[in-house]
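A predicted structure for the sequence below; I have some questions about it.
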Amino acid sequence: QVQLVESGGGLVQPGGSLRLSCDASGFFFPDYTMNWFRQAPGKERELVATISSTGYSTNYADFVKGRFTISRDNAKKTVYLQMNSLEPADTAVYYCNAVLRIAGISYWGQGTQVTVSS
């Protein structure tokens, strides 16, 4: 059974930090590109960051460059999103996504809420 389980969300003040984790099971994690998406109330889901299967390549949305860092541990089957200098505009539900593009496979987690507020 495929599972992606996000954790680490919560309430943080502006300027603060959070580290999200996504634990994967039920598929061969090292083969998959991993993404973090987010969706704020009333807005479409948007891509935040991507990391290649090996972890050697990363990409970020312009609105998080320099503040967020995506990483992965293939031995632990976990992907992380370190979020620094958080802003109220970062408030959203954050989703973990696993993609095996060559096979057209995409898995999603249930999401974790991040709220940035004073």
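The structure has been received and is ready for your questions.

Show me the shaky parts of this protein.
Across the chain, nothing is flagged by pLDDT under 70.

And the strands in it?
Per DSSP state E, the chain carries strands over the ranges 3-7, 10-12, 18-25, 33-39, 46-51, 58-60, 68-73, 78-83, 92-100, 105-108, 112-116.

Output those as CSV; include the columns mean neighbour count.
Glycine gets a C-beta too; all of them are placed from N, C-alpha and C. Below are these laid out as CSV (neighbours: other Cβ atoms under 10 Å):
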stretch, mean neighbour count
strand 3-7, 17
strand 10-12, 14
strand 18-25, 19
strand 33-39, 21
strand 46-51, 19
strand 58-60, 15
strand 68-73, 18
strand 78-83, 22
strand 92-100, 21
strand 105-108, 14
strand 112-116, 18
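
What sits closest to Gly10 if chain neighbours are left out?
Leu18 (6.5 Å; Cβ to Cβ, 6 or more residues apart in numbering).

Apart from its neighbours in sequence, what residue is nearest Met88?
One correction, residue 88 is Pro, not Met. Leaving aside its sequence neighbours, Pro88 sits nearest to Val116 (Cβ to Cβ, 6+ apart; 5.0 Å).

Can you give me every residue that contacts the one you found?
Listed by Cβ atoms under 8 Å, 6 or more residues apart in numbering, the contact set of Val116 reads 12-14, 16, 86-91.

likewise Phe63?
Going by Cβ under 8 Å, 6+ apart, the list of residues near Phe63 reads Ala89.

now it: how far from Ala92?
Relative to Ala92, Phe63 is positioned 11 Å away (Cβ to Cβ, to the nearest Å).

Need the residue closest to the centroid of the protein.
Trp36 (2.8 Å; Cα atoms, centre = their mean).
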